[in-house]
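Undergrad: Sequence first, predicted model second:
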Amino acid sequence: MKKILVLCTGNSCRSQIAEGYLRHFAGDKAIVYSAGVETHGVNPRAIATMKEDGIDISNHTSNNITEYYTIDFDFVITVCDNAKERCPFFPTKAEMFHYNFPDPAKAIGTEEEIVEQFRAVRQLIKDYSKQFILEHLV
């Protein structure tokens with residue numbers, strides 16, 4: 001079984017969404033983890049946005065990358081430039097991937113505008129996650 005780590009700055013939003021979709025699309029073909037170079041807690045809007053699409057991430061936790069140093073990952077995906085630049089030495093032979101998704105947690109505007117930005121980023125991550133699984137696990 002393949003092991004996938006999704007890495008972001010605070011493990012609160014983009015990496016949590018990606019973890020949810022990668023788990024969904026991978027099924028029993030992979031174990032998916034997410035972590036941050038910091039931990040900020042799981043963003044409530046990320047939870048709500050994923051729930052709209054039928055994916056429950058309400059039980060996810062915000063984890064620090066140091067918690068996973070002993071896991072031999074097959075794939076590590078950074079989902080923001082900051083995580084890619086700040087990632088400390090990570091002892092792994094994993095294949096590395098990077099995609100800089102916009103940070104919906106920094107969205108500004110009315111509540112509806114913020115919700116729409118979360119939905120737009122959710123769709124980007126969903127599409128990326130589905131394609132990743134199709135290319136690397138199926």
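TA: Yep, that arrived.

Undergrad: Any stretches of the protein with poor pLDDT?
TA: Scanning the chain with the threshold set as pLDDT under 70 gives 82-91.

Undergrad: Could you measure from the residue of the chain most remote from its centre over to Arg122?
TA: Most distant residue from the mean C-alpha position of the chain: Thr110, 25.2 Å away (CA atoms, centre = their mean). Relative to Arg122, Thr110 is positioned 18 Å away (CB to CB, to the nearest Å). Heads up, the C-betas are built off the backbone N, CA and C, glycines and all.

Undergrad: what about stretch 39-56, distance to the chain center?
TA: 11 Å (CA atoms, centre = their mean, to the nearest Å).

Undergrad: again but with stretch 58-77, I slipped
TA: The answer for stretch 58-77 is 10 Å, by CA atoms, centre = their mean.

Undergrad: quick one: secondary structure of the spatially closest residue to Arg122 that is not a sequence neighbour?
TA: In space, and not counting its chain neighbours, Arg122 is closest to Thr49: 5.0 Å by CB to CB, 6 or more residues apart in numbering. Applying DSSP: H, G, I helix; E, B strand; the rest coil to Thr49 yields a three-state assignment of helix.

Undergrad: Surely Thr49 and Gln117 touch.
TA: No: at 9.7 Å, Thr49 and Gln117 do not qualify as touching, with contact defined as CB atoms under 8 Å.

Undergrad: who has more neighbours, those two?
TA: A count of neighbours by other CB atoms under 10 Å puts Thr49 above the other of Thr49 and Gln117, at 24 against 20.
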